[in-house]
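In: test case, fold it:
(one chain, ligands or ions: 1)
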Amino acid sequence: MELYLHIPFCVKKCGYCDFLSFPADAGVQRRYVEALFREMEQWKEPCRGYEVSTVFVGGGTPSLLEAEWMAEIFDGIRQNFCLAGEAEITIEANPGTLTRKKLDIYKHAGINRLSLGLQSSDNRELAVLGRIHTWEQFLESYRLARESGFQNINVDLMSALPGQSMASWLCTLRRVTELEPEHISAYSLILEEGTPFYERYGHQEEKGNRVPDGLSLADGNEALSGISLPDEDTEREMYHRTEEFLKGCGYERYEISNYAKKGRECRHNTGYWTGVPYLGLGLGAASLWEGRRFSNVRELSGYLNGRTTDRDSLQILTEQDRQEEFFYLGLRMVRGVPLAQFEEQFRRQAEEIYSGVIQKHIRDGTVIVEDGCLRLTSLGMDVSNYVMADFLQG
Ligand code: SF4
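Out: Numbering: from 1, shown residues only. Below is the predicted model of the structure:
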């Protein structure tokens, strides 16, 4: 099994972010850590007999918490769960919130993978996104992490940003690959409803048009006014050039938006895409556990007062749900969906259930069967949401 812990606190909210995250004072953060301990204790008995192969502490900005509290959280994990000796243990961290002391404490607590949220190496783009750090602060955090002995680092990047040109995106890729992190996540900006970015740019996308209309930013920063999203062609080109560029630097794409040096694929996320059960602890955290999906409550006061699972979220997975997930999530992986494994798991051939869909997409050139796996082609990757949705049986 895998374990996810959600730390919802951030210095301030980025303009594009719809994650469950917000600023909070130290008193609230401490009460949250105590609520996490209580939740861990609740799961001690049900998890007896399971070995935890990966832990991922995400957010929010987990590195905002006092490092000593993070060490206590890891003591709690070890007291309540059986952690595998070679477990992959990741923490998300943002530049501007890391110090050498924090990193040393993380290392000592057994954290062996660091995921740094950078997004861009261009300080102007970082300012537009509302990030709290500069490229120079990222460089300092990265240097400190290496000095503390972290040998497995991911850097999160984001393309198709307002005002971003192809040259600027390639500059970010070049500067980051020169540092040789083991893993790079490269997503395109998505305009999520309810965010300031959606308010500002959403109507451009609805019209299928990401071309400038000279809107000014909601924060009133005149220096940034008139900045627009790259058009759709540039966005697509950025996506394609990313794979090409990273491949040339020794990073293989193993999932739609994730690249790694050989053997450095993220084990935790690969588990999500291949149906490994996981338990999510903390505010709003989702779980896939013993054939059920459920999430925790999303209201901080409820969680601090001992409410954990949101009963309305409980979904008992049917055989059909599990088959759909096998394809829907598995197709994200570049290696594709292993057909023999499907047959072994469901005692039916995938071709029998999905014959029409598979044939249609093979004809369209969006999927291919190779080495016993059904996988997206390059064209299929471009329209992955549309292809994956077809594997939902209705
Ligand atoms: S740091 Fe991450 S989680 Fe926090 S507001 Fe920004 S994007 Fe959201």
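In: quick check: which ranges of the stretch 151-300 of the chain have low pLDDT?
Out: 204-226 (pLDDT under 70).
In: the ligand contacts on that one?
Out: Contact residues (CB under 6 Å from any ligand atom) of the stretch 151-300 of the chain with the ligand: there are none. The way it works is simple: take the backbone N, C-alpha and C, and place the C-beta from them, glycine included.
In: the stretch 151-300 of the chain: strands as residue ranges?
Out: Along the stretch 151-300 of the chain, counting by DSSP state E, counting those that start in this stretch, strands occupy 153-159, 183-188, 252-255, 258-260, 278-281, 286-289, 292-295.
In: winner for burial among the ones you listed?
Out: strand 258-260 (a mean of 24; mean count of other CB atoms under 10 Å).
In: quick one: contacts of stretch 342-357?
Out: Residues outside stretch 342-357 that contact it (CB atoms under 8 Å, 6 or more residues apart in numbering) are 319, 322-323, 326-327, 337, 339, 358, 374, 390-391, 393.
In: mind listing which of the residues you listed are in strands?
Out: In this view, the contacts of stretch 342-357 that belong to strands under DSSP state E are 337, 374.
In: what's L157 in contact with, if anything?
Out: By CB under 8 Å, 6+ apart, the contact set of L157 is 118-120, 172-173, 176, 184-187.
In: of these, closest to the ligand?
Out: Nearest to the ligand, judged by CB to the nearest ligand atom, of those is Q119 at 8.1 Å.
In: chain neighbours aside, what residue packs nearest to the closest one?
Out: M158 (4.4 Å; CB to CB, 6 or more residues apart in numbering).
In: go on, Y259?
Out: Nearest non-adjacent residue to Y259, counting by CB to CB, 6+ apart: Y251, 4.0 Å away.
In: again with T99
Out: L144 (7.3 Å).
In: if A260 is in a bridge, with which residues?
Out: Beta-bridge partners for A260, by DSSP bridges, are H183, E252.
In: beta-bridge partners for V57, please?
Out: On the basis of DSSP bridges, V57 is bridged to L5, I91.
In: let me see the contact set for it.
Out: Shown in contact with V57 (CB under 8 Å, 6+ apart): 4-5, 7, 70, 73, 90-92, 111.
In: with pLDDT as added columns, please give the residues you listed in TSV.
Out: TSV is the format used below for the contacts of V57 (pLDDT from 0 to 100):
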residue	pLDDT
Y4	98
L5	98
I7	98
M70	98
I73	98
T90	98
I91	98
E92	98
I111	98
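In: from V383, how far off is T366?
Out: The gap separating T366 from V383 is 6 Å, by CB to CB, to the nearest Å.
In: between those two, tell me which one has more neighbours.
Out: The neighbour comparison of T366 against V383 (other CB atoms under 10 Å) goes to T366, with 21 against 14.
In: thought the residue nearest to T99 was touching P95?
Out: No - using CB atoms under 8 Å, L144 makes no contact with P95, being 9.8 Å away.
In: who has more neighbours, these two?
Out: The neighbour comparison of L144 against P95 (other CB under 10 Å) goes to P95, with 23 against 18.
In: so E88, which of the three states?
Out: When classified by DSSP: H, G, I helix; E, B strand; the rest coil, E88 comes out as strand.
In: list the residues that contact it.
Out: E88 makes contacts with 53-55, 112-113, 152, 266-268, as judged by CB under 8 Å, 6+ apart.
In: which of the residues you listed sits closest to I227?
Out: C266 (32.1 Å; CB to CB).
In: give me every residue that touches the nearest residue to the closest one once chain neighbours are set aside.
Out: In space, and not counting its chain neighbours, C266 is closest to H183: 6.2 Å by CB to CB, 6+ apart. Counting by CB under 8 Å, 6+ apart, H183 makes contact with 152-155, 258-261, 264-266.
In: switch the cut-off to 6 Å
Out: 154, 260, 264 (CB atoms under 6 Å, 6 or more residues apart in numbering).
In: show me how the record splits this structure into domains.
Out: Per automatic domain parsing, the domain ranges recorded for the chain read 2-273, 319-394.
In: pick the most deeply packed of those domains.
Out: Most buried among the domains of the chain, given mean count of other CB under 10 Å as the contact rule, is domain 2-273, at a mean of 18.
In: first-to-last residue distance for that one?
Out: 12 Å (CA to CA, to the nearest Å).
In: next one: the residue nearest to Q119 from A35, what distance?
Out: 31 Å.
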